[in-house]
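Participant: my questions are about this predicted structure, shown below with the sequence.
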Amino acid sequence: MMSLIITLGVLLILAILYMIFRVSNLITIAKGPRDEKGGTANKVNAALFIVFMIASLGGFFWYSFAYFHDYNLPVASEHGKLTDNLFWITMAVTVAAFSIISIIMFVFIYRYQYREGQKARYYPDNHYLELAWTIIPAIVLAVLIFTGLSAWNDITSPASKEAELVELIGQQFAWTARYPGVKDGTLGKNNYKLIDDINEFGLDLTDKNSFDDFKSLELHLPVNKEILLRIRAKDVLHSVFLPHFRVKMDAVPGMPTQFKFKATLTTQQMRDKLGNPNFNYELACAEICGRGHFSMKMAVVVEDEETYEKWKASQEAWLKQNPDYLKNVPEALKEAAMIKAGMQKDPGSTVAEKND
Ligand SMILES: [Cu+2]
């Protein structure tokens, strides 16, 4: 019913527009041939173009400077400084080109408005001018693209072996982090077929690296250490966005992605820098992923390495929190699993360590 009313409304509006068009056509015909000089309309239109130019360029620059702090977050990562620089250089070049071209266009419209007796000048071509506006933009664009490409290659190059590995999993509408655990530092295998209400990671418990993996609803990161985020999604496209670290990478179902970076300021250091004791870093989803997209956030805590290691050691292994899943561990690995997950004291530590 509603769509019928909307359709009728649209048809009615189209009919009215058509009638207005017809009537204005008839009026033009009735008025007879137009005044060749266009009367004062030319002058008014030309002047309006200049007013429009001043108002829009003025508004653009005023907004850009007045609200600069609203859209320019402080940067807290190593590569972020580099990408910020590239961004602002590109911005300066494009804004300069945009302003010059806009001003020339509007001023030409004003300058060459119809005037009685004024004739257009015949100016066929100028090789020097053509060369200049081909070569200069080509060089500028080449420099921008190649510096950008080399930065991109650095950012996407493989992470070092010592990098701190954290897995981020996106789902409608929350982020979950999985850490490799302190005993082996390696993430256990996962398989989407093993995902159920409790085993939300699809943790493969036949892999001994999974025994000490733990889950966190807060993203803890060490400062000044390379971090490798391994990113996956369980349902639809999501996107990991850590604005202060200039990190953004899509979370794609069925296709793990990654991003490596180094945080340079702890949460506390950023609080001091901003003079805001309540500041917290945040991970947000940057891909419209459904109704609850707006709430898909995760708190991020950046701390010094010692605090970070302490926090990691204080976390409970996923297997310890879900002891029912011991049944999925192969018989031969059960004892090792219980020791590694911290469910059982290690009887002979040296033997158990070797079994790892
Ligand atoms: Cu999302």
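Facilitator: Happy to help now that I have it. Keep in mind that what you see is a predicted model, and the values were worked out from it rather than measured.
Participant: from residue 222, how far off is residue 310?
Facilitator: Distance, residue 310 to residue 222, using C-beta to C-beta, to the nearest Å: 11 Å. Yep, even glycine has a C-beta here, placed from its N, CA and C like the rest.
Participant: who has more neighbours, the two?
Facilitator: Comparing residue 310 with residue 222 by other C-beta atoms under 10 Å, the one with more neighbours is residue 222, at 21 against 10.
Participant: residue 304 is in contact with that one, correct?
Facilitator: Yes: contact criterion C-beta atoms under 8 Å: residue 222 and residue 304 qualify, at 7.2 Å.
Participant: which stretches in the chain count as strands?
Facilitator: Using DSSP state E, the strands of the chain run over 164-171, 174-179, 214-216, 218-222, 226-233, 238-242, 247-251, 257-262, 281-285, 297-303.
Participant: parallel or antiparallel, list what pairs with the first one.
Facilitator: Note on strand 164-171: by DSSP bridges, its sheet partners are strand 174-179 (antiparallel), strand 226-233 (parallel).
Participant: ok, the shortest one near the ion or not?
Facilitator: Just to be clear, that refers to strand 174-179. No: contact of strand 174-179 with the ion (C-beta under 5 Å from the ion) is absent, the minimum separation being 8.2 Å.
Participant: quick thing: my sequence starts at 54, can you match it?
Facilitator: All set: I'll call the first residue 54, so the last point we hit is now strand 227-232.
Participant: work out the gap between that strand and the centre of the chain.
Facilitator: 18 Å (C-alpha atoms, centre = their mean, to the nearest Å).
Participant: run through who's touching that strand.
Facilitator: 219-222, 240, 253-254, 266-272, 293, 336, 338, 349-351, 365, 368, 371 (C-beta atoms under 8 Å, 6 or more residues apart in numbering).
Participant: now it and strand 334-338, what's the angle there?
Facilitator: 120 degrees (axes from the mean of the first three to the mean of the last three C-alpha atoms, to 10 degrees).
Participant: in strand 227-232, what counts as buried?
Facilitator: 227-232 (16 or more other C-beta atoms under 10 Å).
Participant: possible to save these as TSV with distance to residue 130?
Facilitator: Formatted as TSV, these follow (distance: C-beta to C-beta, whole Å):
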residue	distance to residue 130
227	24
228	19
229	22
230	18
231	22
232	20
